[in-house]
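Colleague: Everything below, folded, please.
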Amino acid sequence: MKALVVALILLVQLPIHKAVPAAPVAPLGCDDPESEAAAQAAVNYINGHSHHGYKFTLNRIKNIRVIPQGPNSYIIFLEVDLLETTCHVLSPTPLENCTVRSFTEHAVEGDCDIKLQKLDGKLTVIATKCHSHADSSEDVAQLCPDCPLLASLNNTEVTTAVTAALSAHNSKTADAYLQLLEIGRAKIQYGPAHIVYVEFAVAATNCSAEAAKDNVEACQLLPDDQSNFGFCTATMVIRPKEDLKVDCQLYGHQVPTPDTPFLSRVFQPTTPGLVPGVAQGFTNHNLRLSHNNPVASESMSSEVSASMLSAKPVAKRAVAQLDKVPHPVGFVSPPLCPGKVRHFKI
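Modeller: Sure, this is the predicted structure:
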């Protein structure tokens, strides 16, 4: 009995070890290398899954939130500003070689919310939600009163210029007959000269331009294993003297990547003079991309079922906890976000 009492006394006197809370994640600034790596992965994913218009490039990281998920696993929420480039989404030109449209060219900005997972150092995009808009005509006119402004993609003068330009090209080429895929961009200048500027995506068919003169209805897009897309720019002068200049370049056959759909299934040819429904009444193809990664794991996909934005309050609480981390006397925390503007601000 005495031995039992002694054992109980010793047991009571044993120190109680409390669970040590996990250390907060070090805050990431919007211009930190880790943030930029996540943003670039997101931009590449967005461009790879965009079906219309042009490639976008990173302009600014507006916000980043990092939430620990487990050992060597984090969920990252990004808010980024993008700018439209001159490269169509069909173009094989690497993004780093694509030119950002200048402010006076009537720039288009994209806004995106992205959710990623970083697991054992590897970044995976889970979901994206984007939209885009052109800069206001007033802003462009203030800086450049004579610069042509974006016109509606189904504007009568625009569709007339595209029809005439494509017809002019097909009438002069000895190569394949080209069909219109979509009008990418259009601008109209009303003074001192009346000029229409258009850009449009095309695809080669199984007919030569000469054969198409006899039976154009029989011309079909080339099959996936031979597909050949291209891009045309044209300038139509209406006054003082009518003139038309057109330049079309084919990209050559592109082998699709495993996670990219065959482009010929995404783009459907359009009767010359008509605009795909996605563009009706708009001056630019809206980057209205809302995409969940189909190759994400079940655990990651389940987190996407709710809106990405619903996690923001949780992320804010996590960031707020970082402010409680003690700093040396005199320490001044640098502004973490938003990050630097890489090109120009709209």
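Colleague: how much space between the residue nearest to Ile195 when sequence neighbours are not counted and Cys147?
Modeller: Residue nearest to Ile195 in three dimensions, not counting chain neighbours: Gln189, with 4.5 Å by Cβ to Cβ, 6 or more residues apart in numbering. In this view, the C-beta of every residue, glycine as well, is placed from N, C-alpha and C. Going from Gln189 to Cys147 by Cβ to Cβ, to the nearest Å gives 8 Å.
Colleague: What are the neighbouring residues in contact with the closest residue to Phe103 other than its chain neighbours?
Modeller: Leaving aside its sequence neighbours, Phe103 sits nearest to Phe344 (Cβ to Cβ, 6+ apart; 5.6 Å). Residues touching Phe344, when contacts are defined by Cβ atoms under 8 Å, 6 or more residues apart in numbering, comprise Asn59, Leu83, Phe103, Ala107.
Colleague: out of those residues, which are inside strands?
Modeller: Asn59, Leu83 (DSSP state E).
Colleague: from the contacts of Phe344, which two are the most distant?
Modeller: Across the contacts of Phe344, the longest distance by Cβ to Cβ is 11.8 Å; it joins Asn59 and Phe103.
Colleague: If you count neighbours, what's buried in stretch 38-46?
Modeller: Neighbour-count burial for stretch 38-46 flags Ala38, Ala39, Ala41, Ala42, Val43, Tyr45, Ile46 (criterion: 16 or more other Cβ atoms under 10 Å).
Colleague: what are the phi and psi angles of the second one?
Modeller: Phi and psi for Ala39, reported as degrees, to the nearest 10, are phi -70, psi -40.
Colleague: Quick check: it vs Val216, distance?
Modeller: Distance from Ala39 to Val216, by Cβ to Cβ: 45 Å.
Colleague: If we ignore the residues flanking it in sequence, what's nearest Tyr74?
Modeller: Excluding its sequence neighbours, the residue lying closest to Tyr74 (Cβ to Cβ, 6+ apart) is Lys118, at 4.8 Å.
Colleague: how much space is there between the one you found and Gln226?
Modeller: The gap separating Lys118 from Gln226 is 39 Å, by Cβ to Cβ.
Colleague: So these two - more neighbours on which side?
Modeller: For the pair Lys118 and Gln226, the greater number of neighbours falls to Lys118 (19 against 11), based on other Cβ atoms under 10 Å.
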